[in-house]
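Colleague: Can you look at this prediction? I've put the sequence above it.
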Amino acid sequence: MNSKKNRVCRLLNIEYPVIQAPMLWITGARLVAAVSNAGGLGVIGPNAGSTTVTKDVAETGERLRREIQRVRSLTSKPFAVNIVLPPPAFPDLGKEFTNRTIQVAVEEKVPAVVITGENMETYIDPFKRAGITVLCRGLSINVEIAKRAEAAGIDCMIAVGFEGGGHSGMDQLPTFVLVPQIVRALKIPVVAGGGIADGRGMVAAFALGAEGIYMGTRFMATTECDTHPNVKKAILEAIDTSTVASAGVMGMARGIRNNLTDKCQKVAASGGSLVDVSMLYRGTIIPGLLEGDVVDGSVGCGAVAGMITEIKDAADVVIDIVKEAEQVLSDLKKAM
């Protein structure tokens, strides 16, 4: 793989176009640094390194600052910070927290940010003025939203299909349909996510026109990820039908099928609002991901969980996926 020819590698100054998706609470400094040290791009997730909820805006900012500093103590390589935007339907929801995390990221002069959300136009300027590379991961994602993001000045678009874990768009577009249409519509590089966990997925993403891959669930099943061992075990035991998606205020949310997802489905079927469903699963994220309640807790992960069969070091995930992709390409050339 020639990083000098790959626009994502050049843009981010990384060796391999492998980006670790930021996930609530569980993508902290150890994982981020391990991915970056291996040549990919580690991304600090919301509330990374913490185990308790705070409603204090200033404390939220300082938690992020501490995690940024922890990453820098573990790697000299580029990394990114996730910035979660308020949902368009609720533009004031968490706005003060978003603004504070933006301020901290700019003050700390982070190399890059992943803006997660749709109303990116309002939030890009501080990063561009600071010379910070901006990637955008639309929670609702389609060609129109991708064009808006490009027009707003982002440097790279992340397109995650409906197979992906956590939140994805209400349009429910699968990766194989979503990515090539966004690639065709944009001039900036596109990174593909959703349903990617190995070298075959990486080759498929590049065949669709993407220039990088974005993986969350595969990195959940690593030694450095902060998620509970019960969650890692649930991923290893997952099969093709083990995940389900429920609608919430941030879009569709995919996770391991359990008592909680059954409740979410029943609330939605009985006429419950998006807020009702969101409140149901948001309150159980810590019990699920950090405390290991895989029965009644929220365990966000992608449909690709059924393909993951072992816990690896994060560095091995990065290196192995690149090696496997090169082998797949070699085999394809021989077969054609």
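Modeller: Here it is on my side, so go on.

Colleague: what's near enough to touch residue 141?
Modeller: 159-160, 168-169, 171, 173, 178, 182 (C-beta atoms under 8 Å, 6 or more residues apart in numbering). Every C-beta, even on glycine, is put in place using the N, C-alpha and C of the backbone.

Colleague: just how off-centre is the longest helix seen in the chain within its chain?
Modeller: If you go by DSSP state H, the chain has its longest helix at helix 314-335. The gap between where helix 314-335 is centred and where its chain is centred comes out at 22 Å by C-alpha atoms, centre = their mean, to the nearest Å.

Colleague: Number the chain from 620, please
Modeller: Will do, 620 is the new start, and the previous item becomes helix 933-954.

Colleague: For residue 876, give its distance to residue 853.
Modeller: Distance, residue 876 to residue 853, using C-beta to C-beta, to the nearest Å: 10 Å.

Colleague: neighbour count winner among these two?
Modeller: Legend: neighbour count by other C-beta atoms under 10 Å for residue 876 and residue 853, higher for residue 853 (24 against 16).

Colleague: check which helix or strand covers the more buried one.
Modeller: With secondary structure defined by DSSP states H and E, residue 853 is part of helix 848-856.

Colleague: after that helix comes which helix or strand?
Modeller: Taking DSSP H and E, what comes next after helix 848-856 is strand 862-867.

Colleague: Which strands or helices does the helix or strand that that following strand is followed by pack on?
Modeller: Counting by DSSP H and E, the element after strand 862-867 in chain order, helix or strand, is strand 870-875. Applying 3 or more C-beta pairs under 8 Å, 6 or more residues apart in numbering; DSSP states H and E, one finds that strand 870-875 contacts strand 785-787, strand 862-867, helix 893-901.

Colleague: which parts of the last one are buried?
Modeller: It refers to helix 893-901. Across helix 893-901, burial judged by 16 or more other C-beta atoms under 10 Å covers 893, 896-897, 899-900.

Colleague: before we move on, what about stretch 909-922?
Modeller: Neighbour-count burial for stretch 909-922 flags 909, 911-913, 916-922 (criterion: 16+ other C-beta under 10 Å).

Colleague: Between those residues, which sits nearest residue 665?
Modeller: residue 919 (12.1 Å; C-beta to C-beta).

Colleague: quick one: that closest one from residue 679, how far?
Modeller: In terms of C-beta to C-beta, residue 919 sits 20 Å off from residue 679.

Colleague: same check, this time on residue 867
Modeller: In terms of C-beta to C-beta, residue 867 sits 21 Å off from residue 679.

Colleague: Hmm, residue 903 is touching residue 917, no?
Modeller: Yes. If you go by C-beta atoms under 8 Å, residue 903 and residue 917 touch, sitting 4.4 Å apart.

Colleague: okay, and the common contacts of these two?
Modeller: residue 879.

Colleague: need the next SSE after whichever strand or helix holds residue 745, C-terminal direction.
Modeller: Following DSSP H and E, one finds residue 745 within helix 744-749. Downstream of helix 744-749, the first helix or strand assigned by DSSP H and E is strand 752-756.

Colleague: Quick one: list the elements packing against that next one.
Modeller: strand 731-735, strand 775-779.
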